[in-house]
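No letters, just coordinates:
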């Protein structure tokens, strides 16, 4: 228990309360006043331990058991992936998916359903193909990265230069790169915590930017995916923010195609590849975060944030990434809404817009709600599939550690371990709100196979196991309900948790 | 032992020897004379038991052990799939693959390398795409079947009519089908012997023909594949022989896309699908079977046939289907060629042309060698991947059952079981020679995962396990060598084995 209460959290600095500078700069006076009041109320409460009443613990246990046998989350993923399908941000399905979720949130019995606008670049994928031209001609299974630039009409053919790692690319002399197609081939392996995304993701996001800065004609990588033998490529955003960037065409090869390219490179002859990517930016688009609330009866203005992101990459139907997250959060709130009484605090479900291309929904939300951070008592987004949750951790004030341990006790029977020595980051979009000072959890699904299908055409409903997604919804229902009923807060305050190493 | 000698084989009918009718119809007199002489010699030998000398058994054991640690087969698959890649019959790679194999057979030390012409229709795949248009628009992962007809330029859009089985389609009234896209959705499950291909294959080959005869606009099926969760479609030939057939567009959906279509059909609203298949016949093409021989020193004109087929479907690189088969047979013959002495009989390795579109190579070979059937002492082709061989069976004369049991004893230590109660069919192309009377084996690889990747883009080198393909080569080396050294024959004769139920 010492471990649970001692580390990972960060105390609210009481002395900073009256002089919180960014709040003072605000022009919106009533908001400012409210924020200060809430922050100081939080600080005052920090002198005593936060505690979840016994009755709420018992209610949470019942909620958990009901959720474990509830199919709301699975049915939501089924409906969204079947009736809408792929949900590329700013594509035709962006608005259709939004309308679908609005209708579904209303049907789930939420007290309020509304949207908040989010603006982001529109990027489109029209056609993509590629092949090895020499020495051994054959097609390549590849997919353009999000925000890739197009090849010239008719395609681009150039010699390939091979790097094993991002560091090798960084160290390379531009003369070895200029006019060539840079290929970076690093493998990801399967881990429960998905740690090797820390290899693949930087290659995908930074690799094309570095290659472009050294004069590369284009960039290809071994897919950031752990499916070593699937002829399916993994897309995902790269680091070109908009049409004004110094962009180049950028694509991912399936793992077997990367194997093939590397085998052919090993012959030691010049290897020429043709890329034909008809993709690109088409101005800006305004979508929206969709928000559904179960209004708190005692503290309606105090909020527990849960959610997922509504957009997906276009090759699949975005079942695990992230219809699952939206569905888990919505199912959790729905189960809470079915209790005889509304919870003390408001449960807010957010279906974020355009997480994939750069947390646009999360950033817009954090910007819009920055002044209310102290009222966002605890937040966590689900964006790591729907395999069983096996671990959670928290960034809360020390005085709230025992309340987190109370949540842990309710989650333990369904296989969730409390990692008291780790911090909590809030998940992808809600990391932005956490960065502003919201107390947050990291709720970790088993990610062993997540990166097998992440960002691929293979992200479809069949990858969701009904019993597993029900366990996810149970975890979110328990945490959201217990946070809503807690006597005392979790330490949310402007600027809190700034020094945490977030772990998602 | 009773089981081994009693069933599965078929005795040569001695009384038929002098009056063999199809031989009498031949115009080629010297061939006729030779065939009759050989057939009668075979019949004469049938009075005593066929036996493999002890020295040959010992040599086969050593051959087996060497083969188990030999990487020739793996290296051949690696080379063919890397340097040539996909090998669609009559496509650009048909000739390139042939030249590659000719060069490789020479490099492997075969005594003779030559080709025999095979003519077949040229069918091409230029573009394929499809989508659900209504009620829920989204793309479909599909692939045109081999010998599919094209859709009109710009595609074809029609309502889908759903059948669960081929029988249901057969029973349907044409009025329910006319002008519609017929969809047949039957699932295949994984079995070691791959038995569910008996469900998927008839739907693929006969389904489009039946649908066309009832006026369907097009035909789609759930892929004949056991990968329930891979967004990869399985091609394969359908039943339109050539451009003169009453053909329609025909394509296979990946399993998850078939799931999606069935879910959408279950809403009970009309479901409209668009197909855009730019494919079709382009006249005839003449390729060739490539043959390599290790010449027998005692009976050079008596032949043990082994082989695989050189063509593959175009989406993958044809590693398991069937670079593996060519490689297994070639590696086996290469190992035999490295022995201090040539075997008694000739070992013939055949890399068949265009097995995929209808056993064209096998039929041409059987036609060209029909008169020599009695000289083809025992044959078996490898065309079921490269997972470990777990079972073999034989169609031989009763007096050769003990010799087969001797082969079984040498194969047993490497995990191969002798199914004495089953017959042997010779494999895909060599089934045609067996049908003419050649004694034959069925050599069964573990097919549990064969139909996960069969006829897909996923048929690539990474699916081959080096140690497993070495075991396959060991099986073929042992059987070919022991058959070559046998004292006595296995019952090959014109018209023998006609009543066997072939099991492959």
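It's in. All of these numbers come straight from a predicted model, not from anything done at the bench. Residues are numbered from 1 along each chain as shown, chains lettered A, B, ... in the order given.

the strands in the stretch 401-504 of chain A, which residues?
A:417-418, A:440-445 (DSSP state E, counting those that start in this stretch).

where does chain A have low pLDDT?
A:1-47, A:501-504 (pLDDT under 70).

the domain parsing of it - what is it?
For chain A, automatic domain parsing gives the domain ranges A:54-111+A:295-485, A:122-282.

right, so these: which one is the most enclosed?
domain A:54-111+A:295-485 (a mean of 23; mean count of other CB atoms under 10 Å in any protein chain shown). (Each C-beta comes from the backbone N, C-alpha and C, glycine too.)

From the chain's centroid, how far away is it?
Distance of domain A:54-111+A:295-485 from its chain centroid, counting by CA atoms, centre = their mean, to the nearest Å, is 10 Å.

and residue A:66, what does it touch?
residue A:335 (CB atoms under 8 Å, 6 or more residues apart in numbering or on different chains).

Make sure it is indeed in a strand.
No - assessed with DSSP: H, G, I helix; E, B strand; the rest coil, residue A:66 is helix; it does not lie in a strand.

got a list of what the most centrally placed residue in chain A touches?
Closest to where the C-alpha atoms of chain A average out (CA atoms, centre = their mean) is residue A:428, at 3.2 Å. Residues counted as contacts of residue A:428 (CB under 8 Å, 6+ apart) are A:309, A:355, A:359, A:362, A:381, A:383, A:504.

Let me know which of the domains of chain A is the nearest to residue B:432.
domain A:122-282 (30.6 Å; CB to CB).

Could you give the separation of the closest one from the chain centroid?
23 Å.

Hmm, residue A:167 and residue A:210 touching each other?
No - the pair residue A:210 / residue A:167 is not scored as a contact, 10.3 Å apart, by CB atoms under 8 Å.

What is the subsequent helix or strand relative to the helix or strand containing residue A:98?
Under DSSP states H and E, the secondary-structure element containing residue A:98 is helix A:92-107. With elements assigned by DSSP H and E, the helix or strand that comes after helix A:92-107 is strand A:112-134.

list the helices and strands that following strand packs on?
Counting contacts by 3 or more CB pairs under 8 Å, 6 or more residues apart in numbering or on different chains; DSSP states H and E, strand A:112-134 is packed against helix A:92-107, strand A:138-140, strand A:142-144, strand A:250-253, helix A:255-265, strand A:272-294, helix A:360-368.

what subset of the contacts of residue A:428 is also close to chain B?
Among the contacts of residue A:428, none lies close to chain B by the criterion of CB under 8 Å from any CB of the partner chain.

Adding distance to chain B as columns, could you present the strands of the stretch 401-504 of chain A in TSV?
Below are the strands of the stretch 401-504 of chain A laid out as TSV (distance: least, CB to the nearest CB, whole Å):
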stretch	distance to chain B
strand A:417-418	28
strand A:440-445	18
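
export these to a markdown table and tack on distance to residue B:171?
Below are the strands of the stretch 401-504 of chain A laid out as a markdown table (distance: least, CB to CB, whole Å):
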| stretch | distance to residue B:171 |
| --- | --- |
| strand A:417-418 | 56 |
| strand A:440-445 | 47 |
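
Quick one, which of the ones you listed gets closest to residue A:269.
Nearest of those (CB to CB): strand A:440-445, 44.7 Å.

Identify the residue spatially nearest to residue A:240, adjacent ones excluded.
residue A:247 (4.1 Å; CB to CB, 6 or more residues apart in numbering or on different chains).

hmm, back to that, in JSON lines: the domains of chain A, plus distance to residue B:96.
Below are those laid out as JSON lines (distance: least, CB to CB, whole Å):
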{"stretch": "domain A:54-111+A:295-485", "distance to residue B:96": "30"}
{"stretch": "domain A:122-282", "distance to residue B:96": "9"}
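
Next one: the residue of chain A most remote from its centre from residue A:176, what distance?
In chain A, the residue that sits farthest from the middle, by CA atoms, centre = their mean, is residue A:269; the gap is 41.9 Å. Using CB to CB, to the nearest Å, residue A:269 is found at 17 Å from residue A:176.

Was I right to think the residue farthest from the centre of chain A contacts residue A:135?
Yes - the pair residue A:269 / residue A:135 is scored as a contact, 4.9 Å apart, by CB under 8 Å.

contacting residues around the residue lying closest to residue A:188 once chain neighbours are set aside?
In this structure, residue A:188 finds its nearest non-sequential neighbour in residue A:196, 3.8 Å apart by CB to CB, 6+ apart. The contact partners of residue A:196, taken as CB under 8 Å, 6+ apart, are A:188-190, A:226, A:451.

Then residue A:490?
A:50, A:377-378, A:394, A:396-397, A:400, A:403-404, A:439, A:483.

and which of the residues you listed is nearest chain B?
For the contacts of residue A:490, the minimum distance to chain B (CB to the nearest CB) is 34.4 Å, reached by residue A:394.

Ok, which of the helices and strands packed on strand A:112-134 comes nearest residue A:163?
Closest among these, once you apply CB to CB, is helix A:255-265, at 11.1 Å.

measure stretch A:452-461 end to end?
For stretch A:452-461, the first-to-last residue distance is 14 Å (CA to CA, to the nearest Å).

now what about it, what contacts it?
By CB under 8 Å, 6+ apart, stretch A:452-461 touches A:77-78, A:81-82, A:190, A:223-227, A:230, A:232-236, A:312-313, A:315-321, A:463, B:141, B:229-231, B:256, B:259-260, B:263.

wait, is residue A:208 part of a strand?
No - with three-state DSSP as the criterion, residue A:208 is located in helix rather than a strand.

What distance do you get for it to residue A:464?
From residue A:208 to residue A:464 the distance is 32 Å (CB to CB).

swap in residue A:362?
From residue A:362 to residue A:464 the distance is 23 Å (CB to CB).

what's the answer for residue A:104, then?
17 Å.

Same question for residue A:477.
In terms of CB to CB, residue A:477 sits 18 Å off from residue A:464.

Equivalent analysis for residue A:249, please.
Relative to residue A:464, residue A:249 is positioned 33 Å away (CB to CB).

now residue A:288
Separation of residue A:288 from residue A:464 (CB to CB) stands at 25 Å.

same check, this time on residue A:156
Residue A:156 is 38 Å from residue A:464, by CB to CB.

again, but for residue A:217
40 Å.

Can you tell me the closest non-neighbouring residue to residue A:256?
residue B:460 (4.4 Å).

which SSE is residue A:82 in?
Per DSSP H and E: helix A:72-83 holds residue A:82.

Which strands or helices does that helix pack on?
So helix A:72-83, by 3+ CB pairs under 8 Å, 6+ apart, packs with helix A:92-107, helix A:324-337, helix A:466-485, helix B:255-265.

Take those helices and write them to JSON lines, including distance to residue A:346.
Putting the helices and strands packed on helix A:72-83 into JSON lines (distance: least, CB to CB, whole Å) gives the following:
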{"stretch": "helix A:92-107", "distance to residue A:346": "14"}
{"stretch": "helix A:324-337", "distance to residue A:346": "10"}
{"stretch": "helix A:466-485", "distance to residue A:346": "8"}
{"stretch": "helix B:255-265", "distance to residue A:346": "35"}
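
do you know which of those lies nearest residue B:469?
Closest among the helices and strands packed on helix A:72-83, once you apply CB to CB, is helix B:255-265, at 27.0 Å.

Run the angle between that closest one and strand B:112-134 for me.
If you take axes from the mean of the first three to the mean of the last three CA atoms, to 10 degrees, helix B:255-265 sits at 30 degrees to strand B:112-134.

helices and strands around helix B:255-265, which ones?
helix A:72-83, strand B:112-134, strand B:138-140, strand B:156-163, strand B:218-222.

who wins for proximity to residue B:416 among the ones you listed?
strand B:112-134 (29.6 Å).

Contact partners for the residue nearest to residue A:240?
So residue A:247 contacts A:147-149, A:208, A:212, A:240 (CB under 8 Å, 6+ apart).
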